[in-house]
Each structure stands twice: as structure tokens, then as C-alpha cells.
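have a look at this fold, sequence not included:
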């Protein structure tokens, strides 16, 4: 696997993590970051704002939708999954599973 | 004040994005930082620890900001980024001046020298409709901006897209009309070749006037949109600067 392939995989995994987190309902950016970290027991997590370029790219591509909520006189951006995002999640989620399954198989001691 | 002012100001300085995207990114970030810290504190974390955790999780580094710029950079920006800023500004000014002069002076002179009322092209009427719509929407926006001073960004932006749409529609009607009129004349000549000269002359007269009108409506709609858009962006920038990158709790009026 080349560096470019690896970067693409990391990017896809990050996108899948966000989309999977949004499957349970609309969330603010910080909630996505928090839920991904907690649901994966700290294995995955977004640091240094890396969440935002991914969120905005997914929004631009129509895979998620960003709306502005007014809560207590403040504006907060909240994201939800679109139909296109659901399809993307299914497709890319499957691809990630296949990649990680192959990785697991390689790590298994041969019998 | 939410305790992240310094960090957000640093991000704001480094965030080279067009308005209103820049304000939206800052508002989103400010709210997320504050909410994450509040959530962690409510779960029992020490306030300073929660603050640091929120910053580590959400505050973009220079590399992340560059990625954000990449996501939001307009196509035009991507194209012109290869030239130096000075060259770009000079070329833009020259082009804008040239296009405005050619587009406004040329058709105006043609329109003044012709009398399209004698035998106008059928496409003049939809163009007059588009001209009327352009004037109503354009003047409505200018009234909203400069007279009524209704500067709520959402209301200002509402309907703005109609002006470039009208500009494009006028150009399309003018071009399509000229082509269809040409085919109609060609058919008439085919039926009666003896009237060839008169028919071609009539087509030239009526369609020159019609195309001039189309160009004028296109330029007027584009100019009205440009003037309104510049003003709206300035309002949004002023609002973002006045509020700072952090939204005070009583405010809720950013785009």
C-alpha cells in the first residue's frame, strides 16, 4: 500500500467515523468528536480541529447537511446525515471492513 | 466572553477565507469549543482541564486551516492563485473597466441609433420582462440596503441569486433569439429569394437592437448584483469584526 493509498484510507476512515456517528441523529461538531472518541474507547479521535475540514468537505459533497440552530440566543451548527451520506457510509464502511479484515487475517498466526 | 478569545483571534487572523464562510467557521468553532468545555465540566472535569481538552480536540493547527482553505477556496481563486497578488489586481481592474466600457457604451450607442419599435424581434418582449424584473429586484435590494437599512444578512441574501440568474437568462434569450430569427430569415429567403436584401437588412436591424437590449439587461443585472453583494459582504465582515470571533451570549444575528 503506497503512502497515497494510506492517506486515502485514513481520509475515508475519518469520513466513515463521522457519518456513522451521525446515524443516530443530528449532532454538533463537538458532539461528533466526543462520541467518536467515547464510542471507540479512545481508539479513534479527532484532534487539532481535523474534524472541521472533513465535516465541511462532506457537507460540500452533499453527504451531510449543516443547519444553524439558535439555542439560548446563540448560533450553533448542527449536522445531519443525507441519503447520499447513508449510501456513502454503506459503501465505504464495507470497504473499510474489508481492508481491516484483510489486515486482521495477515496478523493471525498461520495454522 | 467564553475564555477562548485569544485562541480564536489567532485563528481568525490565520483564516484566509471569503465572507461569509470565514464568519461561519469562526462562529461554529467558538460555539463548539464552549459547548465541549461545558459538557466536560458538567461531567465533573476541572474547568482548566476541560478548556485544554476542548482546545486540543477542536482548535485547528496551521495544517488544518490550510485544509479548510482548500475545502472552501472558490474555483476562481484556485485559478488565479498562480499569479502574484499585484498582477492579479491589475489584470482584474483592467478587465472590469474594459468589459464595462465595451458592454455599456457600445450597445447604448446602437440602441440610440436604431428604432426597434418599427419591427421589433419577438424576443424583445421577454427581454423587456427580464429588464423589468431586474430593475424591481435590483432596486429592491438597493432600497433594502441603503434606504430601509434592513441589514439582517439572511434577508439580504434572500433572492440575491435572482440577479445573476436574470443576467444569464437575458444573455441566453438574446443569443437564442438571434439564432432563431436568423433561421426564420433563412427560411423566408428560401421561399422568396427576390426579397433577400430586404429580409437580411431587417434581421440585422431588429436583432442588433434586440442583442443590444439583451447585453444591457445582462450588464445591468450583473452590476446590480455586484454592488449589492459587495455591500452585503461588508456588512457581514463588519458584523463579525464587531462581535469578534466569539459570539457573546446575547447575540444571535450573524449569517
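Arrived safely. The structure displayed is predicted, hence computed values, not measured ones.

nearest spatial neighbour of residue B:177, skipping sequence neighbours?
In this structure, residue B:177 finds its nearest non-sequential neighbour in residue B:123, 2.9 Å apart by Cβ to Cβ, 6 or more residues apart in numbering or on different chains. From N, CA and C alone the C-beta is placed, and that goes for glycine too.

residues near the one you found, how many?
The number of residues packed near residue B:123 is 22, by other Cβ atoms under 10 Å in any protein chain shown.

residues in contact with residue 63?
You didn't pick a chain, so chain A it is. A:15, A:19, A:81-82, A:84-85, A:88 (Cβ atoms under 8 Å, 6 or more residues apart in numbering or on different chains).

oops, wrong one, chain B.
Taking Cβ under 8 Å, 6+ apart, one finds residue A:48 in contact with residue B:63.

and residue B:142, by the same measure?
Residue B:142 touches B:224, B:227-228, counting by Cβ under 8 Å, 6+ apart.

7 Å instead?
Residue B:142 makes contact with residue B:228 under the criterion Cβ atoms under 7 Å, 6 or more residues apart in numbering or on different chains.

quick one: it and chain A, what's the gap?
27 Å (Cβ to the nearest Cβ, to the nearest Å).

remind me which helix or strand that residue belongs to.
Element membership for residue B:142 (DSSP states H and E) is helix B:124-142.

and that helix, which residues are buried?
Within helix B:124-142, the residues that count as buried by 16 or more other Cβ atoms under 10 Å in any protein chain shown are B:124, B:126-127, B:130-131, B:133-134, B:137-138, B:141.

and for stretch B:25-41?
Those would be B:25-37, B:39-41, for stretch B:25-41 by 16+ other Cβ under 10 Å.

which positions in chain A make contact with chain B?
Within chain A, the residues that sit near chain B (Cβ under 7 Å from any Cβ of the partner chain) are A:28-30, A:33-34, A:46-53, A:56-57, A:60, A:70, A:72-77.

most residues in a single helix of the chain, which one?
I went with chain A, as the question did not name one. helix A:83-107 (DSSP state H).

sorry, I should have been clearer: chain B.
Max-length helix for chain B by DSSP H is helix B:196-243.

tell me the angle of that helix relative to helix B:124-142?
Interaxial angle, helix B:196-243 versus helix B:124-142 (axes from the mean of the first three to the mean of the last three Cα atoms, to 10 degrees): 10 degrees.

now residue A:75: phi and psi?
phi -100, psi 130 (degrees, to the nearest 10).
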